[in-house]
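Q: any chance you can model this:
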Amino acid sequence: MSFLIEPRDLLEFNADLVLDCTFDLANPDYGRRVYSEKHIPGAVFVDLNRDLSEAPSKRGRHPLPSREAFAEKARSWGLNSGSRVVCYDQDIGIFAARLWWMLRWIGHGSVQVLNGGSAAWGTAGGKTNRGQSKIPAKGNFVLSPSLTRLCHASELPDTNRVLLDARDANRFSGRDDPIDAVAGHIPGAINAPFIENISGGKFLPTDQLRNRFEALGVQGDTVCYCGSGVTAAHNILALVESGFAEPALYADSWSGWITDPLRPIETLTQ
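A: Below you'll find the model as predicted:
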């Protein structure tokens, strides 16, 4: 099964649960406002900060909640163990991929990301609704073994694993980081900006994605990270969609790594 679904297919596909995780890191109220103005009919709103993360801490800017807490949250959206789920955001899947990863993390495998998000949905002629959708009855989802993998800071750096950093080149190099207090990257990491998974607002075809990651040297065991564990999931989605074994996620990512001054940092400006 593809982890991506095209808008034309969603128009014909009877999803049991559609989750809208539209968000803007610079404007946390953006997603809820846009959702109230228009969303895919029946979609339930999911907030990155409130639903997909705990409060910022030494584990980074968007630390994961516990599996148990997130499973209960998912049940509140109406998630059943057999639900066919589609996640989307406003466009290229940054936040939808985070939700996709987290649902698999609690053991729910029937989940896809809408390729191109609500922008592509509108272009394909999909209808939208205003206001709050009716929240489904509480779901019966049972927390199950994880379908994903996590990597912890204590395991890094690791020369036996490919470590991919999803941030842009400036932040990775250490030349400029407007978000985190310390610039640079985890030693040994390879820069793999998540935005390069995208062309024309959608994920590249699988053969092009595979060529991209092969050119970066992806083989064997791989770990993905980013600034706070969000865009790393975009790389994970692109990797598994193009046939690679699923990488581990270092969820605390750069913003968690730099909270310990004893952890090594590498830059390309030295």
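
Q: tell me the mean pLDDT over the helix or strand containing Met102?
A: Under the criterion of DSSP states H and E, Met102 resides in helix 94-105. What helix 94-105 shows for mean pLDDT is 98.

Q: repeat that for stretch 146-153.
A: The pLDDT scores in stretch 146-153 average 98.

Q: go on, stretch 54-74?
A: Mean predicted lDDT for stretch 54-74 stands at 98.

Q: what's the answer for stretch 221-239, then?
A: Stretch 221-239 shows a mean pLDDT of 98.

Q: who does the helix or strand that the helix holding Met102 is followed by pair up with?
A: Later in the chain than helix 94-105, the nearest helix or strand by DSSP H and E is strand 111-114. With DSSP bridges as the test, strand 111-114 is paired with strand 4-5 (parallel), strand 85-88 (parallel).

Q: determine how far strand 111-114 lies from the middle of the whole chain.
A: 11 Å (C-alpha atoms, centre = their mean, to the nearest Å).

Q: what's next to it, contact-wise?
A: Strand 111-114 is contacted from outside by 1-5, 7, 10, 85-88, 93, 96-97, 100, 103-104, 120-121, 237, using C-beta atoms under 8 Å, 6 or more residues apart in numbering. Placement of C-beta: from N, CA and C, glycine included.

Q: could you turn the buried ones of these into a PyMOL selection?
A: In PyMOL, a selection of the buried entries from the contacts of strand 111-114 looks like this (16 or more other C-beta atoms under 10 Å):
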select buried, resi 3+4+5+7+10+85+86+87+88+93+96+97+100+103+104+120+121+237
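
Q: quick one: the strands in the stretch 51-200 of the chain?
A: Applying DSSP state E, counting those that start in this stretch to the stretch 51-200 of the chain gives strands spanning 85-88, 111-114, 149-150, 162-165, 190-191, 198-199.

Q: as a markdown table, those with distance to Asp24 would be great.
A: Listed next are the strands of the stretch 51-200 of the chain as a markdown table, based on distance: least, C-beta to C-beta, whole Å:
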| stretch | distance to Asp24 |
| --- | --- |
| strand 85-88 | 15 |
| strand 111-114 | 18 |
| strand 149-150 | 27 |
| strand 162-165 | 22 |
| strand 190-191 | 24 |
| strand 198-199 | 17 |
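
Q: quick one: closest of those to Pro261.
A: Ranking these by proximity to Pro261 (C-beta to C-beta) places strand 162-165 first, at 19.8 Å.

Q: elements contacting the helix holding Met102?
A: The helices and strands touching helix 94-105, judged by 3 or more C-beta pairs under 8 Å, 6 or more residues apart in numbering; DSSP states H and E, are helix 67-76, strand 85-88, strand 111-114, helix 231-241.

Q: quick check: domain ranges of this protein?
A: Domains of the chain are assigned by automatic domain parsing as 4-123, 149-257.

Q: of all these, which lies closest to Pro264?
A: Of all the domains of the chain, domain 149-257 sits nearest to Pro264, with 5.1 Å by C-beta to C-beta.

Q: got the contact list for the residue nearest the centre of the chain?
A: The residue lying closest to the centre of the chain (C-alpha atoms, centre = their mean) is Arg98, at 2.3 Å. By C-beta under 8 Å, 6+ apart, Arg98 lies in contact with 21, 48, 52, 229-230, 233.
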